[in-house]
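Participant: this one's sequence-less:
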């Protein structure tokens, strides 16, 4: 627990923040948290081989996104993912209108949602701790048996998405590329994050250019955009700075 506590706290904060952004999901949060855990780890040799920090990062990021996704739903009426869209519909069916006045007009209902989230986490924690020994047996299943099952399920899931064999071919090509990237330690999580966020980033980038009549200045003149760009730059350069400081002290 001492080893993974910083990772749990950091990934929970990241997952909650990502959950506040409409259109994101658990996949994005899990990979970003995993990548951050690997970036900040002093010893990266066990990542991808069952390191508890990697597991804790991806799972805490995936679970914490649920609470964050409720923020835009309750305050703005904008669902963050499919689950919150269903909850939004259920609230409106019962005559509860999400928005800024929700916390004034339906305060009891809001606190009921908060208590339900807390109860769900407690129940999930209870089942997690009590059944962890049973679930851990999955890791002992021979790879010769596990790999064909995963491959068949991956092919079925990919084909059923659009009933297209082209998607299956792309999946196999991506798998081969990912295998060699992992073999040469080329940072697979970063590429996966880029693939997941690529469509969302392109749509928002195009929308921003349309609103600004094609001017790129909108990304630096807006305080919110500038803040996010600055945070992204800090996140990009901080690992490089840390590695350079480590090399400097190791030489001394």
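Facilitator: Thanks, I have it. Since the model is a prediction, treat every value here as computed from it, not as a measurement.
Participant: residue ranges of the strands in the stretch 151-252 of the chain, please?
Facilitator: Assigned by DSSP state E, counting those that start in this stretch, the strands in the stretch 151-252 of the chain number zero.
Participant: what stretches of the stretch 101-250 of the chain score poorly on pLDDT?
Facilitator: 189, 193, 196-197 (pLDDT under 70).
Participant: hmm, 90 instead?
Facilitator: Counting by pLDDT under 90, the stretch 101-250 of the chain contains low-confidence ranges at 101-114, 116-118, 120-122, 124-147, 150, 160-164, 174-175, 177-250.
Participant: avg pLDDT for the one helix or strand residue 72 maps to?
Facilitator: Per DSSP states H and E: residue 72 is located in helix 52-76. Helix 52-76 shows a mean pLDDT of 82.
Participant: that helix: which residues count as buried?
Facilitator: Counting neighbours by 16 or more other C-beta atoms under 10 Å, one finds that the buried residues in helix 52-76 are 53-54, 56-74. The way it works is simple: take the backbone N, C-alpha and C, and place the C-beta from them, glycine included.
Participant: stretch 40-47 too?
Facilitator: Neighbour-count burial for stretch 40-47, with 16+ other C-beta under 10 Å as criterion, is recorded at 40-41, 47.
Participant: output the contacting helices and strands for the helix holding residue 72.
Facilitator: Secondary-structure packing of helix 52-76 (3 or more C-beta pairs under 8 Å, 6 or more residues apart in numbering; DSSP states H and E): helix 5-19, helix 26-40, helix 82-93, helix 102-105, helix 107-135.
Participant: can you tell me which of these is packed in deepest?
Facilitator: Mean neighbour count (mean count of other C-beta atoms under 10 Å) peaks for helix 26-40 among the helices and strands packed on helix 52-76, with a mean of 22.
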